[in-house]
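*Asks:* Need coordinates for the below:
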Amino acid sequence: MVIKRTRSLCPECLRPVDAEVFEDEGRVLIRKECPEHGTFEGVYWSNSEVYHKAEDYDEEGEGLLNPQTDPLKGCPLDCGLCPEHESHTVLGLIDVTNRCNLKCPICFANAAVSKYLYEPTYEEIREMLRNLRRNRPVPTPAIQYAGGEPTVRKDIVELVKLAREEGFTHVQIATNGVRLARKPELAAELREAGLNTVYLQFDGVTEEPYLVSRGKNLLPLKLQAIENCRKAGLGIVLVPTLVRGLNDSQVGDIIRFAIENIDIIRGVNFQPVSFAGRTPVDRVEEQRITIPDFQKLVEEQTGSEIAVDDFYPASSVRPISDFVAAIEGEPQVTFTCHQHCGTATYIFIEDGKIIPITRFIDVDRFFEILDKGREELEKGGIAAKAKLIAKSTIELPKTLDKSKAPESVDIKSILTSVFRERSYSALGEFHYNTLLVSCMHFMDPWNFDIERVRRCVIHYALPDGRIVPFCTMNSIHRAEVEKQFSKPLKG
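*Replies:* Residues are numbered from 1 along each chain as shown. Next up, the predicted model:
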């Protein structure tokens, strides 16, 4: 049964081609045909029931009011962002170098084999940051420095300071952790400069995944990097690249490791392997993991302490942003990514037991109250604001089952402070007492879907002023961009 028709890419030549997404024996597949290279078919989502459930959170977004490029060649070849893009930037990325102190077989950036050095200058990075902040209706609030390995730059601390100076409220670095481990003072220097989060590559709790995917046993260095961040008070998000047959048996152990270190680890963001960059493509379907696979692995490996039904699409939080926007009278950062791009849940720990947020909060009812409140405010105008806030602080706590909630955290008080007083300290209290468990499934030329790309909220800033969605950057544009703005390596 055909679910929808879309546009995709030929995995061989990257030509945009027509595609259809269809259901077959409980799975969702994607099929496309290139006039030169023939037909390609593969798994889109491994569970059609979970796929259709996610459809309930299809949230239309708003693109940029000031797009940088015109739609001349057609999506996805006009990225920049163009007027056809349907979401604004939630997280901006800047590759500050393609140099790296590792040569991982699994790598988005295809670093160290291009024979070119891509390393924007300090001033070029300043302009890229400013370009992201010029986005309308919402200036980009968060930035991640990536690469390559960003910490190999001698001025990485200054770049963190620069991001703060340019108005970013959240700054993070995607890193393999090698320099953080070997240079203990670096974590403190980054924290003092304004870094919020270390986005730490972390593929497992044993040496095997590192030997295969990274070429050496990096686990001791990962543990040392975590300890150095702990001493500096620098928060960490673990980022495992999931590969079937390599580390998919360690999903539960990775979550438990995060729980054991919840004083410094804020979340675990699993990323199923994307077959782009230097990632080998000869075993695509054999190694492919989709979001339903991830959810099932979590349920099985946590003994159902975290279940499939505890996860919600990333786009489900849209009502929170809309409600706050209505209260504040100005646009807010809004997660209008495609409903099939990511999934997440929050978990609390009480006496060693995992308590997902869905076990004590009626999440759907919570979002419903916010949606109705926004509608009332839009109809009643500013005169309805005080009444609505008072009503919300009464109605929202009713979605909470206190008998099942963790006793160590006063959820009701936090909700009241966040929505009545818009207290950021209360929001911080929530995040410091919980662990985010999430999965972002980035696309590659095999499962590429133009509908997902148009709703992307994670965007690369480039030296030429363009802003490019994550999955088109890594599937299509990276080689051209790096070559255009690089210098040949000698030798």
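*Asks:* got the domain boundaries for the chain?
*Replies:* Using automatic domain parsing, the domain parsing of the chain gives 2-45, 64-302+448-488.
*Asks:* Secondary structure class of the residue lying farthest from the centre of the chain, three-state.
*Replies:* Centroid-distance maximum for the chain: A383 at 37.6 Å, with Cα atoms, centre = their mean. Recorded secondary structure, A383: helix (DSSP: H, G, I helix; E, B strand; the rest coil).
*Asks:* which residues does it contact?
*Replies:* Under the criterion of Cβ atoms under 8 Å, 6 or more residues apart in numbering, A383 has no neighbours. Every residue, glycine included, has its C-beta placed from N, CA and C.
*Asks:* And it, how far from K402?
*Replies:* 33 Å (Cβ to Cβ, to the nearest Å).
*Asks:* Also E395?
*Replies:* Where K402 is concerned, E395 sits at a distance of 15 Å (Cβ to Cβ).
*Asks:* likewise L91?
*Replies:* Distance from L91 to K402, counting by Cβ to Cβ: 34 Å.
*Asks:* Could you check which of these two is surrounded by more residues?
*Replies:* L91 (17 against 11; other Cβ atoms under 10 Å).
*Asks:* Quick check: pLDDT value at the more buried one.
*Replies:* L91 is assigned 98 on the pLDDT scale.
*Asks:* I'd like the numbering to begin with 891 instead of 1 from here.
*Replies:* Yep, numbering from 891; the last one is L981 now.
*Asks:* Pass me the low-pLDDT residue ranges in this structure, would you?
*Replies:* 996-1004, 1167-1171, 1272, 1309-1319, 1381 (pLDDT under 70).
*Asks:* If the residue nearest the centre of it is in a bridge, with which residues?
*Replies:* In the chain, the centroid-proximal residue (Cα atoms, centre = their mean) is M1330; its distance is 5.5 Å. Beta bridges link M1330 to G1232, judged by DSSP bridges.
*Asks:* now for stretch 897-916, what's the gap between its first and last residues?
*Replies:* By Cα to Cα, to the nearest Å, the extent of stretch 897-916 from end to end equals 23 Å.
*Asks:* try stretch 1238-1256
*Replies:* Stretch 1238-1256 has an end-to-end distance of 18 Å (Cα to Cα).
*Asks:* ok, now stretch 1091-1104?
*Replies:* 10 Å.
*Asks:* residues making contact with that stretch?
*Replies:* By Cβ under 8 Å, 6+ apart, the residues outside stretch 1091-1104 that reach it are 992, 994-996, 1064-1067, 1106-1109, 1112, 1128-1131, 1133, 1136-1137, 1140, 1143-1144, 1147.
*Asks:* chain center to it: distance?
*Replies:* Averaged C-alpha coordinates place stretch 1091-1104 at 21 Å from its chain's average position (Cα atoms, centre = their mean, to the nearest Å).
*Asks:* Tell me how many other residues crowd P1110.
*Replies:* For P1110, using other Cβ under 10 Å, the count is 11.
*Asks:* returning to what we had before: please tell me how far the residue farthest from the centre of the chain sits from E1265.
*Replies:* Relative to E1265, A1273 is positioned 15 Å away (Cβ to Cβ).
*Asks:* before we move on, what about V911?
*Replies:* Using Cβ to Cβ, we find V911 at a distance of 32 Å from E1265.
*Asks:* neighbour-wise, which of those two wins?
*Replies:* Using other Cβ under 10 Å as the criterion, V911 and E1265 rank with V911 on top: 22 against 13.
*Asks:* quick one on the thing from earlier: can you tell me which of the domains of the chain is nearest to D948?
*Replies:* Closest to D948 of the domains of the chain is domain 954-1192+1338-1378 (Cβ to Cβ; 9.3 Å).
*Asks:* Endpoint to endpoint, that closest one covers what distance?
*Replies:* 35 Å.
*Asks:* Check stretch 1141-1159 too.
*Replies:* Terminal residues of stretch 1141-1159 are spaced 11 Å apart (Cα to Cα).
*Asks:* in that stretch, what counts as buried?
*Replies:* Neighbour-count burial for stretch 1141-1159, counted by 16 or more other Cβ atoms under 10 Å, picks out 1141-1142, 1144-1149, 1151-1152, 1154-1159.
*Asks:* Which ones among those residues map onto helices?
*Replies:* Members of the buried residues of stretch 1141-1159 lying in helices (criterion: DSSP state H): V1141, G1142, I1144, I1145, R1146, F1147, A1148, I1149.
*Asks:* is it true that the first one touches K1186?
*Replies:* No: because the distance of 9.6 Å does not satisfy Cβ atoms under 8 Å, V1141 is recorded as not touching K1186.
*Asks:* What is the nearest of the ones in helices among the buried residues of stretch 1141-1159 to E945?
*Replies:* Distances from E945 to those, taken by Cβ to Cβ, are shortest for V1141, at 25.1 Å.
*Asks:* ok, that closest one - contacts?
*Replies:* Neighbouring residues of V1141 by Cβ under 8 Å, 6+ apart: P1130, L1132, F1160, F1184, L1187, V1188, Q1191.
*Asks:* State the distance from the second one to T1283.
*Replies:* From L1132 across to T1283, the span is 40 Å (Cβ to Cβ).
*Asks:* again, but for the first one
*Replies:* Per Cβ to Cβ, P1130 is found 38 Å from T1283.
*Asks:* For those two, indicate the residue with more neighbours.
*Replies:* Comparing P1130 with T1283 by other Cβ under 10 Å, the one with more neighbours is P1130, at 25 against 17.
*Asks:* V933 touches I1181, doesn't it?
*Replies:* No: the criterion here is Cβ under 8 Å, and V933 misses it with I1181 at 11.0 Å.
*Asks:* and those two? which has more neighbours close in?
*Replies:* Neighbours were counted for V933 and for I1181 using other Cβ under 10 Å; I1181 has more, 24 against 19.
*Asks:* For the more buried one, grab phi and psi.
*Replies:* Here is the backbone geometry of I1181 (degrees, to the nearest 10): phi -60, psi -50.
*Asks:* Distance-wise, check it relative to E1175.
*Replies:* Taking Cβ to Cβ, one finds I1181 at 16 Å from E1175.
*Asks:* so what does the helix ranked longest in the chain touch, helix or strand wise?
*Replies:* The longest helix of the chain (DSSP H) is helix 1253-1270. Judged by 3 or more Cβ pairs under 8 Å, 6 or more residues apart in numbering; DSSP states H and E, helix 1253-1270 is in contact with helix 1208-1218, helix 1275-1285.
*Asks:* Among the ones you listed, show me which one is buried the most.
*Replies:* Mean neighbours per residue, mean count of other Cβ atoms under 10 Å, is largest over the helices and strands packed on helix 1253-1270 for helix 1208-1218, with a mean of 19.
*Asks:* my read: the residue nearest to the centre of the chain touches G1232, true?
*Replies:* Yes: counting by Cβ under 8 Å, M1330 does reach G1232; the two are 4.4 Å apart.
*Asks:* Now for the two: what residues contact both?
*Replies:* Taking Cβ under 8 Å, 6+ apart as the criterion, M1330 and G1232 both touch A1204.
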